[in-house]
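Q: Based on what follows, work out the 3D shape:
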Amino acid sequence: MRAAVLKSVRGPAWVLVGALAGVAAVGCAARGGDLAAVDGGDRYGAESAEVAIGRFLDAARLRDYPAMARLFGTAEGPAERRWGRVETERRMFVLASLLAPRAYGLRSNPVSEAGGASRWMVDLAGTRNGDVSLPFIVTSQGDRWFVERIVTEGLRAP
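A: Prediction:
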């Protein structure tokens, strides 16, 4: 079992108005964004489950919706293929408004999901909902990992 990883992130607090409540997202992929150089440009997914979650949360803090979208999908690939770029970035906007942590820690969870997906508990500090722990479901397509689902029920939208 891996030890918890704590990553501190800093940045200005953003106030978002008019976001939707209770979104459990499945994500997408798009081009561009501040994390493109770190993530290898337009490449979808990440090299491990931990990296997928970490980069997704870093992008949420930066409000980098295209970078978030590149890390969201299923075992069939990026969600953008199903929803399109515009719809996917709208969903990433809502997720960023709910998540955007000041810091986070990852805890492996011994629960395996259907199709080889795995569940991670993510401790988020400094969200608009305070400090919360949420299950993240991650899955892989070949050697690329995607955040497939985040259980956001119980979080309040701005």
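Q: Enumerate the positions of the biggest strand by length in the chain that are buried.
A: Ranked by residue count under DSSP state E, the longest strand found in the chain is strand 130-141. Of the residues in strand 130-141, Val132, Leu134, Phe136, Ile137, Val138, Thr139, Ser140 count as buried by neighbour count, 16 or more other C-beta atoms under 10 Å. C-betas here are computed from N, CA, C, even on glycine.
Q: lowest-pLDDT helix or strand in the protein?
A: Least confident helix or strand, the chain: helix 36-39 with a mean of 38, by mean pLDDT, DSSP states H and E.
Q: Between strand 130-141 and the helix or strand that that helix is followed by, find me the angle.
A: Sequence order places helix 49-62 as the next helix or strand after helix 36-39, per DSSP states H and E. Comparing the axes of helix 49-62 and strand 130-141 via axes from the mean of the first three to the mean of the last three C-alpha atoms, to 10 degrees yields an angle of 130 degrees.
Q: Show me what helix 49-62 is packed against.
A: Counting contacts by 3 or more C-beta pairs under 8 Å, 6 or more residues apart in numbering; DSSP states H and E, helix 49-62 packs against strand 5-8, helix 65-70, helix 85-98, strand 103-112, strand 118-127, strand 130-141, strand 144-150.
Q: So for it, mean pLDDT?
A: Per-residue pLDDT over helix 49-62 has a mean of 95.
Q: what do you get for stretch 109-121?
A: Here the average pLDDT along stretch 109-121 is 77.
Q: what's the span of that stretch from first residue to last?
A: Stretch 109-121 has an end-to-end distance of 6 Å (criterion: C-alpha to C-alpha, to the nearest Å).
Q: quick one: which of the helices and strands packed on helix 49-62 is nearest Ala52?
A: Nearest to Ala52, of all the helices and strands packed on helix 49-62, is strand 144-150, at 4.2 Å by C-beta to C-beta.
Q: List the buried residues of the closest one.
A: Using 16+ other C-beta under 10 Å as the test for burial, strand 144-150 gives Arg144, Trp145, Phe146, Val147, Glu148, Arg149, Ile150.
Q: ok, Gly154 to Gly105 distance?
A: 19 Å (C-beta to C-beta, to the nearest Å).
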